[in-house]
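# Take this sequence and fold it.
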Amino acid sequence: MKELEKAAAGQLYDANFDEETLQLRAHAKMQLFHLNQTPPDQVARRESLLRSLLGKVGDGFVIEGPFYCDYGFNIDIGDGFYANVNLTILDGAPVRIGNNVFLGPNVGLHTAGHPLDVAQRNQGLEYARPIHIADDVWLGAGVQVLPGVSIGQGTVIGAGSVVTKSIPAGVVAAGNPCRVLRPIETTDISANPTSA
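Model (predicted):
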């Protein structure tokens, strides 16, 4: 079994010394280098580079540079996606992002984790757990999503949160560790967003 097949099966895998895995990451790094060096006014070129790197990308997406990931092919993004600067996605496992998802600056989606056992870590072993972000989610600036987390439809995660466990749909959640603060109510709808 190949190392990334082990990762997909939820097993420990060699992410640091396996030649094929290293080559796949090196290929992604070269694509990211070209993407991150492309001027922002070359929208068509940036879109083409992203589409060639990522597994699936919907219509009407924007990823502000710079952007970083491990492999790219494990990332699926829906329509109407927006990510501000410094998005990092460690995609050893699948990362599925729905439609109309907004990510603030410095957001990290991290499927990768490391064993507590020092001998296993020193062998270069790690694990990866999928991340799923449903439609209409907003992650504030600096949010960090850890392995195996799902975030439900319409949820808002406050800036600086560390999301260690799955969060249900339709709530405001924040903190370290992130926890549900309250449901999103119809009273949250405002004609003047600055008054919220």
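# Which residues in the longest helix along the chain does the neighbour count mark as buried?
Using DSSP state H, we find that the single longest helix of the chain is helix 19-37. Buried residues in helix 19-37, counting neighbours by 16 or more other CB atoms under 10 Å, are found at 21, 24-25, 28, 31-32, 35. Bear in mind the C-beta positions are built from the backbone N, C-alpha and C, glycine included.
# Direction-wise, compare the next helix or strand after that helix with helix 19-37 and give the angle.
Under the assignment DSSP states H and E, the closest C-terminal helix or strand after helix 19-37 is helix 43-53. With axes from the mean of the first three to the mean of the last three CA atoms, to 10 degrees applied, the angle from helix 43-53 to helix 19-37 works out at 170 degrees.
# and for helix 43-53, what are the contacting residues?
Applying CB atoms under 8 Å, 6 or more residues apart in numbering, the external contacts of helix 43-53 come out as 28, 31-32, 34-35, 38, 40, 57, 61, 63, 65, 67, 69, 72-73.
# of those, closest to Val85?
Nearest to Val85 among the contacts of helix 43-53: Gly65, at 6.8 Å, using CB to CB.
# give the contact list for the closest residue to that closest one other than its chain neighbours.
Counting by CB to CB, 6 or more residues apart in numbering, the nearest residue to Gly65 once its immediate chain neighbours are dropped is Asn36, at 5.1 Å. For Asn36, the contact set (CB under 8 Å, 6+ apart) comprises 65-67.
# Of these, keep whichever come out buried.
Among the contacts of Asn36, those classed as buried by 16+ other CB under 10 Å are 65, 67.
# Which ones among the contacts of Asn36 map onto strands?
Phe67 (DSSP state E).
# would you list the contacts of Asn36 in JSON lines and tack on distance to Glu126 and pLDDT?
Converted to JSON lines, the contacts of Asn36 look like this (distance: CB to CB, whole Å; pLDDT from 0 to 100):
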{"residue": "Gly65", "distance to Glu126": "27", "pLDDT": "93"}
{"residue": "Pro66", "distance to Glu126": "24", "pLDDT": "97"}
{"residue": "Phe67", "distance to Glu126": "22", "pLDDT": "98"}
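# Next, count neighbours for Lys2.
Lys2 sits with 11 neighbouring residues when counted by other CB atoms under 10 Å.
# That one contacts Glu20, correct?
Yes: taking CB atoms under 8 Å as the definition, Lys2 is a contact partner of Glu20 at 6.6 Å.
# hmm, who's touching stretch 171-189?
Identification of contacts with stretch 171-189 by CB under 8 Å, 6+ apart yields 140, 152, 154-165, 167-168, 170, 196.
# picking that back up, if I look at the residue nearest to Gly65, how far off is Arg25?
Remark: distance between Asn36 and Arg25 (CB to CB, to the nearest Å) = 16 Å.
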